[in-house]
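Enquirer: this is the structure alone, sequence omitted:
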């Protein structure tokens, strides 16, 4: 596998430690967020199975505070990555996002005003 590397030596010396530390912090936050997204996706799957046809969409429209497509993406992440509960988190969180990125960039946060249906 061809791993990409970042040339920290190309940075000004005063920035190298900051960039390395911030990179570690961002990656840690990403791992924690991925775990939370998997857990939320699993809860949404349980809710969908419990509510069944007819009630699931109504629940999403009235109770889910984010865009419906985000709920579907998080459920897909849970299906793909949640199948390994013995692991604290996937080896690389990006492996959970790959199938989703093709359709829509992850992390897009639509405000209530920008949603097509203008729901809260």
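Expert: Great, that's in hand. Computed from a predicted model, the values in this text were never measured in an experiment.
Enquirer: in the helix or strand hosting residue 79, what counts as buried?
Expert: Assigned by DSSP states H and E, residue 79 belongs to helix 68-81. Counting neighbours by 16 or more other Cβ atoms under 10 Å, one finds that the buried residues in helix 68-81 are 70, 71, 72, 73, 74, 75, 76, 77, 78, 80, 81. Quick note: C-beta positions are derived from backbone N, CA and C, even for glycine.
Enquirer: in a markdown table: those residues, plus distance to residue 19 and pLDDT.
Expert: What follows is the buried residues of helix 68-81, written out as a markdown table (distance: Cβ to Cβ, whole Å; pLDDT from 0 to 100):
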| residue | distance to residue 19 | pLDDT |
| --- | --- | --- |
| 70 | 30 | 93 |
| 71 | 35 | 95 |
| 72 | 35 | 94 |
| 73 | 30 | 94 |
| 74 | 30 | 93 |
| 75 | 35 | 93 |
| 76 | 33 | 92 |
| 77 | 28 | 91 |
| 78 | 33 | 91 |
| 80 | 31 | 88 |
| 81 | 28 | 82 |
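Enquirer: with distance to residue 60 added, can I get these in JSON lines?
Expert: Conversion of the buried residues of helix 68-81 to JSON lines gives the following (distance: Cβ to Cβ, whole Å):
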{"residue": "70", "distance to residue 60": "10"}
{"residue": "71", "distance to residue 60": "6"}
{"residue": "72", "distance to residue 60": "9"}
{"residue": "73", "distance to residue 60": "13"}
{"residue": "74", "distance to residue 60": "12"}
{"residue": "75", "distance to residue 60": "11"}
{"residue": "76", "distance to residue 60": "15"}
{"residue": "77", "distance to residue 60": "17"}
{"residue": "78", "distance to residue 60": "16"}
{"residue": "80", "distance to residue 60": "21"}
{"residue": "81", "distance to residue 60": "22"}
